[in-house]
Every structure is written in structure tokens, then in C-alpha cells.
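>>> here's my sequence, what's the structure:
(one chain, ligands or ions: 1)
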Amino acid sequence: DWTMAEFRDTKIAEIRAQVGTGRVICGLSGGVDSAVAAVLIHEAIGEQLTCVYVDHGLMRAGESEQVVSLFRGAYNIPLIHVNVEELFLGGLAGITDPELKRKFIGKTFIDVFDAEAKKLGGAEFLAQGTLYPDVIESVSFTGGPSVTIKSHHNVGGLPERMNMKLVEPLRELFKDEVRALGRELGLPEIFVGRHPFPGPGLAIRIPGEVTKERCDILRKADAIYLEEIRAAGLYDTIWQAFAVLLPVRSVGVMGDGRTYDNVLALRAVTSTDGMTAQAFQFPGDFLPRVATRIINEVKGINRVTYDYTSKPPGTIEWE
Ligand code: XMP
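Residues are numbered from 1 along each chain as shown. Here you go, the predicted model:
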């Protein structure tokens, strides 16, 4: 009978065998996958692991602070926090195509990693929290011949120049199994139960050009939405919930005046592995209440819509 405790022990042995006395760098994304991978690898090889958190400025409200305090504080895992918001926002200026956003972000991530690895005096291994669905979906669609839907920056494409070998202990796991493993490793529930968050972050939740101003508007609206979901006790029944800041402006009225502001889409889906998904049906007056709060509290948004699209034919993210 297969248990998470056995899986953990097997993986720890495998990591030790693969890595030997080598140094490992692990990129943290703020999500469950990289956190679980890092804690597992830290159990296996301790101080041979250094975590690097590339803070691209495309995270949600408060998220970077949480990552830093969990790793440095609770786990005492060496963590380098690289704040490169300006580098990312500068490079994203003028880019509107979703795949070009991903390519820029993926490439820049690797550049920053490369620089950090060099500063550390080099590392032989790069650890990633790649999951099974990442592995298959970025290769092909329903088994067809290499039709890429979305390039996931955390899969493959590691430039030869980095000359690092990959350590990917979660490659066989689905999301629910990663969560079980995280609990097995003692990660706090707030981290383990966290909804998946894409590597390119808010950049792919802002169709059109990504700017600091648009990131800030989206962060505020998204925080209100998630706060209300948690307060209603719905967070754990939803696979992913997030807001998307649309490149559309609409006319509204506020007091005596006319407004002409951004439109926000709210999305919430249920899923077991992210491969298929259904729109979550919120009870009663939940959505109108959240819409009102967002419009009242977030300057720059005057209209809120809800996305009922399933996957397929839609995808979970808008880009
Ligand atoms: P889609 O939108 O393809 O998303 O239905 C499926 C799952 O993958 C996440 N996602 C990404 N994760 N890099 C990532 O690390 C990406 O480029 C990316 N695009 C989508 C998405 O949030 C969902 O959980």
C-alpha cells in the first residue's frame, strides 16, 4: 500500500543519490509546488540547498512577505530574495501577446537565476516543482502531436549555458498529491491549501500591456475577492479563484459624475488536476456583494463580470 510517508522517504533517498555532495539551487515561486519541492530537498540534503526567490513584482498582495517569512523564519532555509520588479516590468512594457509575455518572463527568470548561481559560486543542480500535468500539457494536447497551448516557463528549456542538472522530485504527482506531501512535511495549511498560481503571475491576468499601475489595481481587487471567499468558507472547495483586469473600459455613474474605467472579470473554478475545470457556482448574493465592494474600494474599476467558461473549451487563465 502506497503512502505519502513512503513516497517522501523514497524521494529523499533518490535526491541524496542524485545530488551527492553537490550544491542545489531551488527557485521558489510562492506557490505550493516549489515550496513542497524545496522543503523536501532541504530534508534530504540540508545546507546544500539554497533557495532563490525571484520576486518579479507580479505577485499578489502580501505574497512575497509570506514566502520570505516562511522559509527564513519557520524553516530556517537559506533564502535569497531578489527584487527584480523593475527589470520585469521594464521588459514587459509594450508586450501584449500572452506567449511573448511567458517567453520574456521565462527567459528573464533564467537570466536572474544564472546570475544568482554565479554569485553563489556555482551550483550543479537546479530544483523545480514541476508536476505531472505541467509535464504533459506543455508537450501536447490530448496526446496529439506537439501542439503547445501555453508554454509553462517552469518546464524544460533550461539553456545549455547554465550547465545545471534538474532535480524535479514532484514530476509524477498531481496537485492533490503534492498537497498531501506538503502536509506530510509539516508545511502550514495556509501554504499547503493555497490555490495554484501561475509562474508568470499577474502578467497573464492582465490581458494587454502590463504596467505597475495595472498590477496595483488588480492586486487590490484580487485581495478583496479572495478575502470574501475565505470569509464565506469557500476557499477550500475552489481549485483556483482570481481576478482578471480586462483591457476594456466601460461607462458608469458614480454620484453625479460619469466614470470611464476598467472592467474586471472574476473567475473561480473547480477541478481535480487543472486539466479540466468547471466554473464555480457561488451561493446567493456573494458575487453582487463582492462586485459592489470592489467597485467602491478599488479606484480604476467601475464594472465587474463573472466568467462561466468551462475548460475545455476555455482554459483556466485568460491568457
Ligand atoms: P490553463 O490556463 O492552461 O491553466 O487552463 C492550467 C493551470 O496552469 C496554470 N498556468 C501556469 N502555470 N506557468 C505556470 O507555472 C504558466 O505559464 C501557466 N499558465 C497557466 C494555471 O494557473 C492553472 O493552474
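>>> tell me how this structure divides into domains.
By the assignment in automatic domain parsing, the chain contains the domains 4-192, 211-306.
>>> can I get those in a markdown table with mean pLDDT?
Formatted as a markdown table, the domains of the chain follow (pLDDT from 0 to 100):
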| stretch | mean pLDDT |
| --- | --- |
| domain 4-192 | 87 |
| domain 211-306 | 97 |
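>>> a markdown table for these, including mean neighbour count and distance to the ligand?
All C-beta spots, glycine's among them, are computed from the backbone N, C-alpha and C. What follows is the domains of the chain, written out as a markdown table (neighbours: other C-beta atoms under 10 Å; distance: least, C-beta to the nearest ligand atom, whole Å):
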| stretch | mean neighbour count | distance to the ligand |
| --- | --- | --- |
| domain 4-192 | 17 | 4 |
| domain 211-306 | 17 | 4 |
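>>> nearest residue to the middle of this structure?
A centroid search over the chain (C-alpha atoms, centre = their mean) returns Phe197, at 2.5 Å, as the residue closest to the centre.
>>> just the pLDDT for that one.
Phe197 is assigned 90 on the pLDDT scale.
>>> likewise the one 10 residues further on?
On the pLDDT scale, Pro207 is placed at 98.
>>> now do the one 3 residues further on
The confidence metric pLDDT takes the value 98 at Val210.
>>> thought it was touching Ile95?
Yes - the pair Val210 / Ile95 is scored as a contact, 7.4 Å apart, by C-beta atoms under 8 Å.
>>> Phe286 against Ile238, yeah?
No - taking contacts as C-beta under 8 Å, Phe286 lies outside contact range of Ile238: 11.6 Å.
>>> show me where the stretch 151-300 of the chain has helices.
Assigned by DSSP state H, counting those that start in this stretch, the helices in the stretch 151-300 of the chain fall at 175-184, 189-192, 212-231, 286-297.
>>> skip the chain neighbours and tell me the closest residue to Glu228.
Taking C-beta to C-beta, 6 or more residues apart in numbering, and ignoring the residues beside it in sequence, Glu228 has Val290 as its nearest neighbour in space, at 5.0 Å.
>>> that neighbour touches Thr305, doesn't it?
No - in this structure, Val290 is not within contact of Thr305 by C-beta under 8 Å, at 11.6 Å.
>>> can you pull the residues that touch both of those two?
Common neighbours of Val290 and Thr305, using C-beta atoms under 8 Å, 6 or more residues apart in numbering, are Leu266.
>>> if we can go back for a sec, I'd like the distance between the residue nearest to Glu228 and Ile45.
Computed as C-beta to C-beta, to the nearest Å, the Val290 to Ile45 distance reads 44 Å.
>>> what do you get for Ile25?
Distance from Ile25 to Ile45, by C-beta to C-beta: 12 Å.
>>> quick one on the thing from earlier: how near is the residue nearest to the centre of the chain to Arg293?
Distance from Phe197 to Arg293, counting by C-beta to C-beta: 22 Å.
>>> coming back round to it: excluding chain neighbours, what is closest to the residue nearest to the centre of the chain?
Closest residue in space to Phe197, ignoring its immediate chain neighbours: Gly31 at 4.8 Å, by C-beta to C-beta, 6+ apart.
>>> got the contact list for that neighbour?
Each residue near Gly31 by C-beta under 8 Å, 6+ apart is listed here: Gly129, Arg194, Pro196, Phe197.
>>> residues contacting the last one?
When you say that, I think you mean Phe197. Ser29, Gly30, Gly31, Arg60, Glu63.
>>> repeat that for Val253.
Thr259.
>>> is it bridged to anything, and to what?
Beta bridges link Val253 to Arg258 when assigned by DSSP bridges.
>>> how far away is it from Asp261?
From Val253 to Asp261 the distance is 11 Å (C-beta to C-beta).
>>> same question, Val84
As judged by C-beta to C-beta, Val84 and Asp261 stand 30 Å apart.
>>> also Asp216?
14 Å.
>>> for the top helix by length along the chain, name the packing helices and strands.
Using DSSP state H to define each element, the chain has its longest helix at helix 98-119. Counting contacts by 3 or more C-beta pairs under 8 Å, 6 or more residues apart in numbering; DSSP states H and E, helix 98-119 is packed against strand 24-28, strand 49-55, strand 79-83, helix 85-92.
>>> would JSON lines of these with distance to Arg72 be doable?
Putting the helices and strands packed on helix 98-119 into JSON lines (distance: least, C-beta to C-beta, whole Å) gives the following:
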{"stretch": "strand 24-28", "distance to Arg72": "11"}
{"stretch": "strand 49-55", "distance to Arg72": "9"}
{"stretch": "strand 79-83", "distance to Arg72": "5"}
{"stretch": "helix 85-92", "distance to Arg72": "20"}
